[in-house]
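Enquirer: Below is the sequence, then the predicted model.
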Amino acid sequence: MKTFGFLSNCTIFAVYRPLSGAPPRVFRAIASAVFVKSMETKKSFNNIFNIALSLCLGSAILYWMYRDFDFKRVEQVMLNEMNWWWMLLSFPFGILAQAFRGWRWKQALEPVGEHPRTSVAVNSVFLSYAASLLIPRVGEFARCGVLRRWDNVAFPKALGTVVTERAIDSLLVLTIIALTLLSQFAVFDKFFQKTGTRLDQIFVNFSSTGWLVTAACAIAVLILCYFLLRRLSIYNKVKSMVHSLFEGVLSVRHVSNPPLFAFYTLAIWASYFLHYYLTFFCFEATSHLGFDSAIVTFIVGSIAVIVPTPNGAGPWHFAVKTMLILYGVASNDALYFVLIVHSIQTLLVVLLGIYGWIALYFTGKRIQQTSFNY
């Protein structure tokens, strides 16, 4: 980071020498242009570094899991041992999960005065999931940009509703996680025992003084982070963005049909689950597993994809494979399952993204009548 500042200062000095007789306004303009250029270079470097890091992380996990794996056996499993009818039956739910998200997003935008076309909203979601395969998390911004370009939807409002949707989804997932932990506590306790960590020992070893010290340290860290953020220039930028996003965040309070919004939310996650659960019946090793094991592995996989890798590749494989082994599935069979299911479902995301891109290409853009929304 210091290198960029040093280069900028050297460049400004070099420019200043031949322009020593120029008006101060000219010098300030040149200095500003050089500084902006250096910041753009710095931002591009950070973006490239983050993308490379996510790709390396996912690749490293996959290499570690499949370093001694017989990939020739995968072809035999897919052609001779796999029941493709169940896989095909799961596809409509994968499509519906994204379609429900597009329909819900359209409803969330209406209270803030934005009325995108249903087809544009759904196709933007299709495209966003495919874009996130290339650059993790970029899809959320991509779909807001699509609505801005095709239907003149204000970008801050669209992004605000996306933040709201993610908050609601996170609350729902946390609720499901809590219920799953309570109903399947024995399985998770077995997992901790196998890794040499018992939940009861963790809490027993904590004395009252230990709890107080831990709480005090946590509070101190939060206070330190708060003051550090206040001293950073980015703090003011984030503070100004919050005001722009606030209107979008409050949109859910004023949706025209709250029960329909709740239905869409539940339907999204029910479709995700069925898209995953039906693949259990494609393989003999997992076909006997019931609903409880499916919901546990689904939740663990959903937590794993928080790690920023393309479509959760790597962390999702490891998490789901580990939980399947705890339910009695052989290690190789678990590896076949996660590799085949993840690859096919990722291919579906790619195909939906291509469809969304083609559909948007042939969709006319709305002509703005009065003012421009930024």
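Expert: Okay, I see it. Remember, it's a predicted structure, so these values are computed and weren't measured experimentally.

Enquirer: any low-confidence regions in the stretch 201-350 of the chain?
Expert: Applying pLDDT under 70 to the stretch 201-350 of the chain flags the ranges 201-218, 220-253.

Enquirer: how about the helices in it?
Expert: 208-231, 233-249, 258-277, 291-304, 315-326, 331-361 (DSSP state H, counting those that start in this stretch).

Enquirer: tell me what the third one is packed against?
Expert: Using 3 or more CB pairs under 8 Å, 6 or more residues apart in numbering; DSSP states H and E as the contact criterion, the secondary-structure elements in contact with helix 258-277 are helix 84-109, helix 155-183, helix 291-304, helix 331-361. C-betas here are computed from N, CA, C, even on glycine.

Enquirer: And for the fifth one?
Expert: Here helix 315-326 touches helix 24-66, helix 185-194, helix 291-304, helix 331-361, going by 3+ CB pairs under 8 Å, 6+ apart.

Enquirer: Pull up the gap between the closest residue in space to residue 98 that isn't next to it in sequence and residue 305, please.
Expert: Residue nearest to residue 98 in three dimensions, not counting chain neighbours: residue 125, with 5.1 Å by CB to CB, 6 or more residues apart in numbering. As judged by CB to CB, to the nearest Å, residue 125 and residue 305 stand 17 Å apart.

Enquirer: Among those two, which residue is more densely surrounded?
Expert: Applying other CB atoms under 10 Å to residue 125 and residue 305 shows that residue 125 carries more neighbours, namely 26 against 16.

Enquirer: hang on, residue 89 packs against residue 277?
Expert: No: Residue 89 is not in contact with residue 277 according to CB atoms under 8 Å; the separation is 10.7 Å.

Enquirer: one step back: give the contact list for the residue nearest to residue 98.
Expert: 98, 99, 101, 102, 105, 143, 356 (CB atoms under 8 Å, 6 or more residues apart in numbering).

Enquirer: and the fourth one, what is it in contact with?
Expert: I take that to be residue 102. Contacts of residue 102 by CB under 8 Å, 6+ apart are 118, 121, 122, 123, 124, 125, 126.

Enquirer: Among the residues you listed, name the ones in helices.
Expert: 118, 121, 122, 123, 124, 125, 126 (DSSP state H).

Enquirer: What is the burial count for the closest residue in space to the last one that isn't next to it in sequence?
Expert: By that I understand residue 126. Leaving out its chain neighbours, the residue that sits closest to residue 126 by CB to CB, 6+ apart is residue 356, at 3.1 Å. The tally of other residues near residue 356 (other CB under 10 Å) stands at 26.

Enquirer: ditto for residue 181
Expert: What residue 181 shows, counting by other CB under 10 Å, is a neighbour count of 13.
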